[in-house]
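Enquirer: Give me coordinates for this.
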Amino acid sequence: MSALAPGEPWPPEVELRGHHAWLAPLRSEHAPGLAEAVKDGELWRLWYTNIASPETMAHDVASRLARRDAGQCLPFVVLDPASGAPVGMTNYWNIDAPNRRVEIGGTWYRRAVQRSALNTECKRMLLAHAFETLDCVAVEFRTHFFNHQSRRAIERLGAKLDGVLRNHSLSRDGLLRDTCVYSITQSEWPTVRRHLDFRLEEGG
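Expert: As a prediction, the model looks like this:
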C-alpha cells in the first residue's frame with residue numbers, strides 16, 4: 001500500500017490509461033462533452049438507473065465533485081483515448097479507508113461503446129489500481145435488482161453476489177429499490193485479473 005502524507009485523501013486522484021480507455025479525474029469542464037455523450041442511447045430514460053439527462057449533467061458533475069471533496073467518492077471521466085472525447089463516467093464510491101474497501105459504481109457509457117473492450121479495460125484498470133496500489137481487501141459493485149444488463153456485466157467480470165439489500169433506497173421516481181451487492185476479494189483478484197486479460201486478448 002502506498003504511503004500517504006498526513007491529511008491526504010484516500011484514494012488520491014489518479015489517471016489511468018489503457019489501449020481502449022482513458023480514465024481521468026472528473027472536472028467541471030467535462031460536463032458539456034458528457035451531456036452530448038449521454039444522448040447516445042438516451043440513457044437517462046431507463047427507469048432502473050439514475051443517470052443524468054443532458055440538462056442536468058452539469059449538476060450531476062458538480063454533485064460528484066462535492067462528494068469527492070467530502071471524501072465520499074473519487075470520480076472519473078471516461079475518455080476515448082484516440083479523440084479525448086468523453087464517453088461516460090465511473091467512480092470509486094462508498095470509500096471505506098479504515099477497512100480498505102471501495103465500490104466501483106455510478107458508471108455509464110454512451111451506447112456506441114457499450115459491450116466493448118472499453119468497459120472491460122476500465123474495470124481492469126480500476127480493479128488493478130484498487131488491489132495492487134491501494135491494497136484493498138475487497139471491491140464492491142452495486143446495481144438495481146431489475147438492471148439485468150448491469151448484473152450480467154458484473155457477473156462476467158467474475159464478481160460474486162453477496163446478497164440483496166431489500167428496500168435499500170428510494171429511486172428518483174419514489175419507488176423503493178432492491179440493491180444487488182457483488183464483490184471481488186483480494187484473494188480472488190489474481191484469477192479475475194487473468195480472466196479480464198484473456199477477455200481483452202479476445203477483443204473485449
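Enquirer: ok, which stretches of this structure are strands?
Expert: Taking DSSP state E as the criterion, the chain contains strands spanning 16-17, 22-25, 74-79, 86-96, 101-109, 138-144, 160-170, 176-185.
Enquirer: Adding mean pLDDT, mean neighbour count and distance to Arg199, write these out as TSV.
Expert: In short, each C-beta sits where N, CA and C put it, glycine included. Below are those laid out as TSV (pLDDT from 0 to 100; neighbours: other Cβ atoms under 10 Å; distance: least, Cβ to Cβ, whole Å):
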stretch	mean pLDDT	mean neighbour count	distance to Arg199
strand 16-17	98	14	18
strand 22-25	98	20	18
strand 74-79	98	24	18
strand 86-96	96	22	18
strand 101-109	96	21	16
strand 138-144	96	22	16
strand 160-170	93	12	17
strand 176-185	95	18	15
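Enquirer: Ok, which of the ones you listed comes nearest Ser53?
Expert: For those, the distance to Ser53 is smallest for strand 101-109, at 11.8 Å, taking Cβ to Cβ.
Enquirer: The closest one pairs with which strands, and in what direction?
Expert: strand 86-96 (antiparallel), strand 138-144 (parallel) (DSSP bridges).
Enquirer: rewinding a little: quick one: which of the strands of the chain is nearest Trp44?
Expert: strand 101-109 (9.1 Å).
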